[in-house]
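Asks: no sequence on this one, just coordinates:
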């Protein structure tokens, strides 16, 4: 164990991940969770299903304190992660008959209905119940058990199933298992600070950090930045004893970029908006053109959104704008479907149609075609109109391709909604 932050790596197995046809959800989840626990995550590796590739990857990360693998725990012959990890740890494989019985009980009903109960089921459950001798077994969430395998001289290897639902469901039990719990007692914990900004480029934060390095000893604070949903996350991870420096650093960053600040406690725009709408007892309705329902989908992503989302209309054609949201045809004729005037009419129409407290209108040129000199690709008009008379409008030109423009439009609409609730925040709200 190092004297500072212990190191960890994540090995995500599955040849399908290397083809690009399936996106990896496990690596980011595990890496983020380990970082929050106090580990320095050295790497996340995607490894094919070939045993020799996994063996090589394990040897490559053998100097870490902890390795977490995902995948390769199924009942088929090519699911070999447990066997490879056992060889890496120098442990013999053996069938845990009690575990086999528990796996059998989980799948027997389904197997009987599917017509493969009997020898096929026995072989499958025996395969999944083969575990390295001395390993801590994590109870299956699906049919595959997880493992915590101790290797003499390190690292500790935690073996988890591949389906994200099963891996995430097993994660709490993995942390509570005796080998992991013992390791965690030696992990130096320090409270991290997560700052969120909107409309702030990474280059600005980089320049700020260069200046602050001349004023503060930042050697005990790891600073990472990440652009997520058009918002810049600045993550400050102090080593034990460096918490005061991290707090001072966070305060100085906020002072320099307060106009772009969303939150200084990690709260997301979605969380802040849900809380603000709930506190005011407001409902919101959407009238969307270029975003095609993405904004309504974002709003209802959160559990409990039925308390504040009244409804939404995707009015893509001019005829739909008129018929569904009462946008006057003459207004479209005079100003064009992509115009601040039509965005206002969409917001008013959505609010009236659903009897909501807030209406949001979005119309724009998502591209790649359809742009003009006056209204180029990326030109999007927004309006948020409230029952108490507030009107907040923007008409920026957003960068990127079609998907980028649509996603960034949703981000900006969320920020404008937050501004309408009275929550102070990023300059994009102003």
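Replies: Looks like it arrived, so ask away. Only a predicted model underlies this, so the values are computations on that prediction, with no experimental measurement involved. Residues are numbered from 1 along each chain as shown.
Asks: hey, let's count contacts and neighbours off CA atoms from now on
Replies: Will do.
Asks: For the nearest residue to residue 355 once chain neighbours are set aside, grab the count of nearby residues.
Replies: Sequence neighbours aside, residue 310 is the residue nearest to residue 355 in space, at 7.8 Å (criterion: Cα to Cα, 6 or more residues apart in numbering). Using other Cα atoms under 10 Å, residue 310 has 22 neighbouring residues.
Asks: for residue 401, same thing?
Replies: Counted with other Cα under 10 Å, the neighbours of residue 401 add up to 13.
Asks: Isn't it up against residue 368?
Replies: Yes: with contact defined as Cα atoms under 8 Å, residue 401 reaches residue 368; the gap is 6.7 Å.
Asks: related to what we said a few turns ago, how much space between the residue nearest to residue 355 and residue 274?
Replies: 13 Å (Cα to Cα, to the nearest Å).
Asks: Same question for residue 333.
Replies: Distance from residue 333 to residue 274, by Cα to Cα: 37 Å.
Asks: More neighbours: which of these two?
Replies: Shown here are residue 333 and residue 274; by other Cα under 10 Å, residue 274 has more neighbours (21 against 10).
Asks: Give me the helices and strands touching the strand or helix carrying the more buried one, please.
Replies: Assessed by DSSP states H and E, residue 274 sits inside helix 269-280. With contacts defined as 3 or more Cα pairs under 8 Å, 6 or more residues apart in numbering; DSSP states H and E, helix 269-280 has these neighbours: helix 402-420.
Asks: Could you list the buried residues of the helix it packs on?
Replies: Applying a neighbour-count criterion of 16 or more other Cα atoms under 10 Å, one finds 402, 404-420 buried in helix 402-420.
Asks: centre of the chain versus that helix, how much separation?
Replies: 17 Å (Cα atoms, centre = their mean, to the nearest Å).
Asks: just stretch 78-96 next, same as before
Replies: 32 Å.
Asks: what sits up against that stretch?
Replies: 49, 51, 54-55, 58-59, 71-73, 126-127, 129-134, 149-152, 157, 159 (Cα atoms under 8 Å, 6 or more residues apart in numbering).
Asks: Kindly report the same for stretch 225-235.
Replies: Stretch 225-235 has contacts (Cα under 8 Å, 6+ apart) with 192-202, 222-224, 407-408, 411.
Asks: Just the ones of those in strands?
Replies: Among those, the members found in strands (DSSP state E) are 193, 194, 195, 196, 197, 198, 222, 223, 224.
Asks: Can you give me the distance of the nearest residue to the fourth one once chain neighbours are set aside to residue 30?
Replies: Right, residue 196. Spatial nearest neighbour of residue 196, excluding adjacent residues (Cα to Cα, 6+ apart): residue 233 at 4.7 Å. Distance of residue 233 to residue 30, given as Cα to Cα: 18 Å.
Asks: what ranges do the helices span in the stretch 201-350 of the chain?
Replies: Remark: helices assigned in the stretch 201-350 of the chain by DSSP state H, counting those that start in this stretch are 202-213, 243-256, 269-280, 294-299, 318-325, 329-335, 340-354.
Asks: With distance to residue 164 and mean pLDDT added, can I get those in TSV?
Replies: Shown next, in TSV, are those (distance: least, Cα to Cα, whole Å; pLDDT from 0 to 100):
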stretch	distance to residue 164	mean pLDDT
helix 202-213	31	95
helix 243-256	33	96
helix 269-280	23	96
helix 294-299	22	98
helix 318-325	40	98
helix 329-335	47	98
helix 340-354	37	98
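Asks: Serialize these to JSON lines and add fields for distance to residue 141.
Replies: Output for the helices of the stretch 201-350 of the chain, formatted as JSON lines (distance: least, Cα to Cα, whole Å):
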{"stretch": "helix 202-213", "distance to residue 141": "40"}
{"stretch": "helix 243-256", "distance to residue 141": "38"}
{"stretch": "helix 269-280", "distance to residue 141": "29"}
{"stretch": "helix 294-299", "distance to residue 141": "29"}
{"stretch": "helix 318-325", "distance to residue 141": "46"}
{"stretch": "helix 329-335", "distance to residue 141": "55"}
{"stretch": "helix 340-354", "distance to residue 141": "42"}
